[in-house]
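>>> Pasted the sequence and its predicted model underneath.
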Amino acid sequence: MKIVVTGSIATDHLMHFPGRFAEQLLADQLHKVSLSFLVDDLTVRRGGIAANIAFGMGLLGLRPILVGAVGADFADYRSWLIRHGVDCDSVYVSEVAHTARFVCTTDDDMNQIASFYAGAMSEARNIELSPVQRRLDGVDLVLIGANDPMGMVRHTEEARALGIPFAADTSQQLARMSGDEIRKLIDGAAYLLCNDYEKELLESKTGLTTELLLDKVGILVTTLGKDGALIRGRGLDAEIHVPVIKGVQTLDPTGVGDGFRAGFFSALSWGLSLERAAQVGSMIAALVLETVGPQEYTVQRDEISKRIAESYGDAAAEEIRAHLPV
């Protein structure tokens, strides 16, 4: 299955605040917040939504095609992704801007306050999908992740025009978009992915209920944090709820949703069911959560099989293990 992954490519600057943001925020003073958090740790990691998802797919044995805009400083990052199975031949390199930067502080409750500098990502609107499709002699799915908003619109419109099924994954860009813009990005999507907060924000901005959303998209996947993931769709007899992996040792939530998407779409490309896909997604999300940085985990076939058996049963482990890289 040829999966094109579009979205941000960035460097992550991750910090830890030894406390709780909630204790520093005064409900009646939120209109004039002026705070500085003294952090006790800083790590710099490779990141960006599209790159994180593509990295995970590569670890699972796929050959995802990464599409996004970067700066000339991307050379080492490119080599890293290529070594981990990612096709980077369609990455656009800016002549003037640096690769995007994500700066994020996480507190002891795993809440996060972050800023994102777009940099070269703003030029993603210059990328066309039709040359990518020609180079690959066809594309099976385009995942449209958070990116330059105009780039997201362009890629969505191109996917429709080219007749390529697409997955809408607006995530962080929901905050910047109007209801009309969001509707344009999700209408006709084969998959719509969001977490529970993003789903509520999406519905609030668009005025769409869950039922109306399901009239516009094929499959709606909502991740629920510690409560797992919920899958709904027009063609499904019932909702599918998949709990999280048992025994997760939480270190850093950055990129957890990207890990879920990497596992979910990898499993679908193997021909597995939506339930199995969500189980693989939850497993990869757990691996991300247990490391600092979104691309610092490894995929160990025996470990994954064991943990899936413990969480979802032997039948699930046996079916999934058959597709895991040795």
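That came through fine.
>>> how about the strands of the stretch 201-326 of the chain, start to end?
219-223, 229-233, 240-242 (DSSP state E, counting those that start in this stretch).
>>> Taking strand 229-233 as reference, get the angle to the first one.
With axes from the mean of the first three to the mean of the last three C-alpha atoms, to 10 degrees applied, the angle from strand 219-223 to strand 229-233 works out at 170 degrees.
>>> for strand 219-223, packing partners?
Under the contact criterion of 3 or more C-beta pairs under 8 Å, 6 or more residues apart in numbering; DSSP states H and E, the helices and strands touching strand 219-223 comprise strand 191-195, helix 196-206, helix 210-216, strand 229-233, helix 256-269, helix 274-289. C-betas here are computed from N, CA, C, even on glycine.
>>> could those go into TSV alongside mean pLDDT?
Listed next are the helices and strands packed on strand 219-223 as TSV, based on pLDDT from 0 to 100:
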stretch	mean pLDDT
strand 191-195	96
helix 196-206	94
helix 210-216	94
strand 229-233	97
helix 256-269	98
helix 274-289	98
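>>> closest to residue 127 out of those?
The closest of the helices and strands packed on strand 219-223 to residue 127 is helix 256-269. By C-beta to C-beta, the value is 19.7 Å.
>>> same for the closest one, what does it pack against?
In terms of contact count using 3+ C-beta pairs under 8 Å, 6+ apart, helix 256-269 is assigned the packing partners helix 49-59, strand 141-145, strand 191-195, strand 219-223, helix 274-289.
>>> Quickly compare those and say which is most buried.
helix 49-59 (a mean of 30; mean count of other C-beta atoms under 10 Å).
>>> which stretches of the stretch 1-150 of the chain form strands?
Using DSSP E, counting those that start in this stretch, the strands assigned to the stretch 1-150 of the chain run over residues 3-6, 10-16, 41-47, 65-67, 69-70, 92-93, 100-106, 112-117, 141-145.
>>> hmm, back to that, switch the strands of the stretch 201-326 of the chain over to CSV; also include distance to residue 197.
As requested, the strands of the stretch 201-326 of the chain are exported to CSV (distance: least, C-beta to C-beta, whole Å):
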stretch, distance to residue 197
strand 219-223, 10
strand 229-233, 14
strand 240-242, 18
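>>> nearest to residue 190, of those?
strand 219-223 (6.9 Å).
>>> Neighbouring strands of the helix or strand of the chain with the lowest mean pLDDT in the sheet, and parallel or not?
For the chain, counting by mean pLDDT, DSSP states H and E, strand 112-117 ranks last in confidence among helices and strands (a mean of 89). Each strand that strand 112-117 pairs with, and the sense of that pairing, follows from DSSP bridges: strand 100-106 (antiparallel).
>>> I appreciate the help and will end here.
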